[in-house]
Structure formats: C-alpha cells, structure tokens
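*Asks:* whatever this is, show me its structure:
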Amino acid sequence: MSVRRQARGEERRREILHATLALIERGGVEAVTHRAVGEASGVPLGSVTYYFPTKDQLLREALECWVSEEVSRLSSVAEAIEREQLSPEEGAARWSELLRGNDPHQIAQFDLYLQAARDPSLRDAAAEAFAAYERVAGAALRAAGLSPEDAERVAALFVALADGLGLRRLAAPGAGPAAGEALFELFEALGASRG
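*Replies:* Predicted coordinates for the structure are as follows:
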C-alpha cells in the first residue's frame, strides 16, 4: 500500500471516529449506527463498515481516539506545569482551565465512561484517560508544594472531584461551585494539611 493511500485511510478513520464522538455528544451511544456515522462523516457506508465491522469496535476505537488526543494534550500541560513551578493559585487556575476547555466531546467522554462500565472492552481506554488526568493533577499538586508521595496519593481524588465538577457543570449549568474556586480551595486545604 502506498504511503499516500495509507495516510488517506488513516484520515478517513479519524473522520469516522470524530463523527462517532459527535453523534454520542448529540444523542448518546444509542445514536451510533454505521449508517449515521457514514452520514455524519461524509464517508460511504461501505467504508465505515470496512474500517469498523462492529458497533463495539467503533465505540472502543472512538474512545481510544479521544483518549490518545487527550493524553497528548494533558501530557504537554503536565510538562508545562512541572517546568514552570507554579504557585498553588496558578496550579489551580491551570487545572480549572482544563475543565473549562471547550472540548466538543466532553459529553461523549462521560457517556463512553458509562459505557465502559457495561462493556469491558472499553475499560482499558477509560483507565488510560483517568491515568493521564492523574499525571496532570500530580504535576499541579507537586507544583503547589505537595511532596511527590502526597501528590501521587491525592491525584486520583483530585481527578474524581474534577470529573464530578465537570459532570455537574454539563448536567446543571450554573449549579454548584465554580471549578476554579473549588479546586483552589482544595489546593489550599491540601497545603494547610501539610503545615
């Protein structure tokens, strides 16, 4: 297969996967059919089924695509936080920027997490996403002055809080605390517990 043809095939796969995420965003996992994905992506139905013979494979690879892109983005954020040695205020602000991001697939992210609870084939990709968020949280917590051990211990709880705030923001906009304020309060509380 020529390099050009292979690149076109990869581009088509990405188009299909991003269309799948957009369908999940609008209508949930139930909205995903090969025909709907073909229409949403502009890719012929035969090509959609060629690349993704089953709906399960389509869902798994859509989550893996999102995770791959998110891991890349989060890794660069974690590296920047470590390099810049941010204050607690700056670390909380940087983390809340991640939550406020205008990721068009955030609803799809939560929907696919729930689907992973039902479908074991999605669990590795979901775990990889959580681990990437925990790496960024750990970097922000270390930058805020926590020891590496404390940052690692608290990172998963920090991510759980952030996910809860993100889900709450999506489900009930305006309800509950603002992400930045809540996260800064957590940074302060963690700092006070060290002192």
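*Asks:* helix/strand/coil for residue 146?
*Replies:* Taken by DSSP: H, G, I helix; E, B strand; the rest coil, the conformation at residue 146 corresponds to coil.
*Asks:* could you pick out the longest helix of this protein?
*Replies:* With DSSP state H applied, the helix covering the greatest number of residues in the chain is identified as helix 55-84.
*Asks:* list the buried residues of it.
*Replies:* Buried residues in helix 55-84, counted by 16 or more other C-beta atoms under 10 Å: 58-71, 74, 77-78, 81. (Each C-beta comes from the backbone N, C-alpha and C, glycine too.)
*Asks:* residue 75 and residue 144, how far apart?
*Replies:* Shown here: residue 75 relative to residue 144, a distance of 19 Å by C-beta to C-beta, to the nearest Å.
*Asks:* secondary structure class for residue 177?
*Replies:* Per three-state DSSP, the local secondary structure of residue 177 is coil.
*Asks:* next, count neighbours for it.
*Replies:* Residues contacting residue 177 under the criterion other C-beta atoms under 10 Å number 12.
*Asks:* kindly report the same for residue 175.
*Replies:* Here the number of neighbours of residue 175 (other C-beta under 10 Å) works out to 8.
*Asks:* what of residue 146?
*Replies:* Quick note: residue 146 (other C-beta under 10 Å) scores 23 neighbours.
*Asks:* quick check: it touching residue 154?
*Replies:* Yes. Residue 146 is in contact with residue 154 according to C-beta atoms under 8 Å; the separation is 7.0 Å.
*Asks:* ok, back up a step: check which helices and strands the longest helix of the chain sits against.
*Replies:* When contacts are defined as 3 or more C-beta pairs under 8 Å, 6 or more residues apart in numbering; DSSP states H and E, helix 55-84 packs onto helix 3-27, helix 34-41, helix 88-100, helix 106-118, helix 123-143.
*Asks:* tell me how far that helix lies from the chain's centre.
*Replies:* Computed by C-alpha atoms, centre = their mean, to the nearest Å, the chain-centroid distance of helix 55-84 equals 6 Å.
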